[in-house]
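Engineer: Kindly generate the corresponding structure for this input.
(one chain, ligands or ions: 2)
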Amino acid sequence: QLTIPPPDDSWLEQMKVQVVYDMNSFGVCVVDNFLGSDRSNEIYAEVVRLYRQRSLFQRGQVVNEAGSGGVMVRGDHIAWLEGTEPYCNNIRFLIRSLDSIVARCVAHTNSAGEMGLYRITQRTKAMLACYPGGGSRYVKHVDNPNFDGRKITCIYYVNKDWNGERDGGLLRIFPENHRNHVASVEPILDRLVMFWSDRRNPHEVLPAQKMRFAITVWYLD
Ligand SMILES: O=C(O)CNC(=O)c1n[nH]c2ccccc2c1=O
Ligand SMILES: [Fe+2]
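Structural biologist: Ligands and ions are numbered 1, 2, ... in the order given. Below you'll find the predicted structure:
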């Protein structure tokens, strides 16, 4: 696979403006057609290929502690990716793009002081999560309720032909400071969602009726 050129500068600038505005106004930002159909289809192929190498995936916690018959708390399988794995050039491009955008947002806000005033200096690896379908879901939670350093949650969806009516699996966010706006987000291919990882954004994954892939990166201060 040929090496992929870095993300285009003017595109990064455009993304920065939207992300800074949305994160400051709503604490949530949704970007559709983030990387375009060619790149997103390449990422889909890389994700499916990775998933077939089941060795990478660990099972998420499958039932809560309620003993037998506990509710399926998280049916997800997860794999942590550097992005440097073989045959993952397009996933690496996604991660580089996210890194560049977040870095520009932080730089931008240092001058204008708009963004969350976070000195984002690092991130987690990319977490590839797969909800296996069959009603697997993730109950309402806060990613970072107790100041573990995570500031921004970035989720990139990798699902072809997703239909929320039929397949479920919606991300629902209940922004604390905008109680009358519940965001319901279909996990469609090439959609990016970003939100503050702390208590401002409780969220859940509704039961998914078919295989549901997402790549998540958390940015830390
Ligand atoms: O996929 C989504 O739309 C939202 N997904 C989540 O909120 C979410 N949040 N925290 C996690 C921690 C470990 C493993 C998976 C997850 C996870 O899917
Ligand atoms: Fe979450």
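Engineer: Okay, and the beta partners of the nearest residue to Ile152 once chain neighbours are set aside?
Structural biologist: Counting by Cβ to Cβ, 6 or more residues apart in numbering, Tyr219 is the residue found nearest to Ile152 once chain neighbours are left out, at 4.3 Å. The C-beta positions use only the backbone N, C-alpha and C, and glycine is treated the same way. Note on Tyr219: beta-bridge partners Arg123, Ile152, judged by DSSP bridges.
Engineer: thinking Tyr219 is in contact with Arg150, fair?
Structural biologist: Yes - shown here, Tyr219 and Arg150 form a contact pair, counting by Cβ atoms under 8 Å, at 7.3 Å.
Engineer: between those two, who's got more neighbours?
Structural biologist: Tyr219 (24 against 17; other Cβ atoms under 10 Å).
Engineer: now that one: how far from Thr121?
Structural biologist: In this view, Tyr219 and Thr121 are 9 Å apart by Cβ to Cβ, to the nearest Å.
Engineer: Same check on Asn41?
Structural biologist: 33 Å.
Engineer: More neighbours: which of those two?
Structural biologist: Applying other Cβ under 10 Å to Asn41 and Thr121 shows that Asn41 carries more neighbours, namely 16 against 11.
Engineer: Who are the packing partners of the helix or strand hosting that one?
Structural biologist: Assigned by DSSP states H and E, Asn41 belongs to helix 37-52. Counting contacts by 3 or more Cβ pairs under 8 Å, 6 or more residues apart in numbering; DSSP states H and E, helix 37-52 is packed against helix 89-112, strand 126-131, strand 212-220.
Engineer: next helix or strand past the shortest one?
Structural biologist: Read it as strand 126-131. Next element after strand 126-131 (DSSP H and E): strand 136-141.
Engineer: returning to that earlier point: angle of the helix holding Asn41 against strand 126-131?
Structural biologist: 70 degrees (axes from the mean of the first three to the mean of the last three Cα atoms, to 10 degrees).
Engineer: residues of helix 37-52 that come out buried?
Structural biologist: 39-44, 46-47, 50-51 (16 or more other Cβ atoms under 10 Å).
Engineer: Close to ligand 1: what parts of the chain are there?
Structural biologist: Within the chain, the positions near ligand 1 by Cβ under 6 Å from any ligand atom are 60, 76, 78, 129, 138, 143, 155, 171, 187, 203, 205, 214.
Engineer: my read: Pro202 touches Arg172, true?
Structural biologist: No - here Pro202 does not reach Arg172: they are 9.2 Å apart, not a contact under Cβ under 8 Å.
Engineer: Which part of this structure gets nearest to ligand 1, residue-wise?
Structural biologist: Leu171 (3.4 Å; Cβ to the nearest ligand atom).
Engineer: Do I have it right that that residue meets Ile188?
Structural biologist: No - at 10.8 Å, Leu171 does not count as touching Ile188 under the criterion of Cβ under 8 Å.
Engineer: of the two, who's got more company?
Structural biologist: Using other Cβ under 10 Å as the criterion, Leu171 and Ile188 rank with Leu171 on top: 21 against 17.
Engineer: Please name the bridge partners of that one.
Structural biologist: The residues that Leu171 bridges to, once DSSP bridges is applied, are Val185, Val205.
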